[in-house]
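J.: Everything below, folded, please.
(one chain, ligands or ions: 1)
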Amino acid sequence: MALRQLVSRKSLGLGFGQLRGLQTFSLPDLPYDYGALEPVISGEIMQLHHQKHHQAYITNYNKALEQLQDAVGKGDSPAVVKLQSAIKFNGGGHINHSIFWKNLTPVREGGGDPPKGSLGWAIDTDFGSLETLVQKINSEGAALQGSGWVWLGLDKESKKLVVETTANQDPLITKGPHLVPLLGIDVWEHAYYLQYKNVRPDYLKNIWKVINWKYASEVYDKESE
Ligand SMILES: [Fe+2]
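T.: Presented below is the predicted three-dimensional model:
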């Protein structure tokens, strides 16, 4: 399929990322090496997670978008409606993982350094302390049944920070139109099973050592203006 798409792109004289005028998506580079988060997250997990899992969401998202374009062109409403779940799942997977990679950073580059500035103040105001927030995220992430994500978000309407969980690959926006993700933690088994032997609470306890609070603070500052 990938080869066929490549050939059809070339035969139509379109650049990469375009298929019959349709914007397609490609795997973003990680901002660090696969092994740079060790020992918290192994290089093996990071490589599989990025190259296999994230790539699969992108491949299937592009495929669903191409099918959607065809279905819309043909006025095939049942096909349009049928594609919505694949678009939500795979498009959500691409959105969520693109955020997740930026939410992590090696210890030597500030991973785990507590948030400063306005986000630090907002966490103290809305949750009491950073430790209380971390406990809340860890307990909600551990309690989430099946696969999903646990989020720290900003509600742009109430100007409050919120902790939410989403099932499967649902992005945070599915929990409310005013929610902006600052930090998303992937609690799918594929994020930790090789290293933490399926013990999700241990993975959640350790991941804070490589959380990029600087990135979350930058998003918070931009979105709370
Ligand atoms: Fe994942």
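J.: dump the residue contacts of the residue in the chain that the ion sits nearest to.
T.: Using CB to the ion, residue 186 is the residue of the chain that sits closest to the ion, at 4.1 Å. Yep, even glycine has a C-beta here, placed from its N, CA and C like the rest. Counting by CB atoms under 8 Å, 6 or more residues apart in numbering, residue 186 touches 49, 96, 97, 100, 149.
J.: Need the residue closest to the centroid of this structure.
T.: Nearest to the mean C-alpha position of the chain, by CA atoms, centre = their mean, lies residue 96 at 1.8 Å.
J.: Just the local confidence number for that residue, please.
T.: Turning to residue 96, the model gives it a pLDDT of 98.
J.: just use 313 as the starting number from now, easier for me
T.: Understood, numbering begins at 313; the last thing we discussed is residue 408.
J.: Tell me how far stretch 487-507 lies from the chain's centre.
T.: Centroid displacement of stretch 487-507 relative to its chain, using CA atoms, centre = their mean, to the nearest Å, is 6 Å.
J.: Mind listing what's buried along that stretch?
T.: Buried residues in stretch 487-507, counted by 16 or more other CB atoms under 10 Å: 487, 491-500, 503-504, 507.
J.: Helices of the protein, start to end?
T.: For the chain, applying DSSP state H gives helices covering 314-323, 355-359, 367-386, 389-394, 396-414, 429-439, 442-455, 505-508, 512-519, 525-535.
J.: what packs against the third one?
T.: Put plainly, it is helix 367-386. helix 314-323, strand 334-335, helix 389-394, helix 396-414 (3 or more CB pairs under 8 Å, 6 or more residues apart in numbering; DSSP states H and E).
J.: Recalculate using a threshold of 7 Å.
T.: With contacts taken as 3 or more CB pairs under 7 Å, 6 or more residues apart in numbering; DSSP states H and E, helix 367-386 sits against strand 334-335, helix 389-394, helix 396-414.
J.: Residue 342 against residue 413, yeah?
T.: Yes - under the criterion of CB atoms under 7 Å, residue 342 makes contact with residue 413 at 5.4 Å.
J.: count of neighbours near residue 345?
T.: 12 (other CB atoms under 10 Å).
J.: what's the pLDDT at residue 371?
T.: Reported pLDDT for residue 371: 98.
J.: The one 10 residues further on too?
T.: We note a pLDDT of 94 for residue 381 in this prediction.
J.: now swap in residue 353 and tell me
T.: The model's pLDDT for residue 353 equals 97.
J.: How about the one 4 residues further on?
T.: Per-residue confidence at residue 357 stands at 97 (pLDDT).
J.: what does residue 491 give?
T.: So, for residue 491, pLDDT stands at 98.
J.: Hmm, residue 483 and it touching each other?
T.: No - applying CB under 7 Å as the test, residue 491 and residue 483 come out as separate, 9.2 Å apart.
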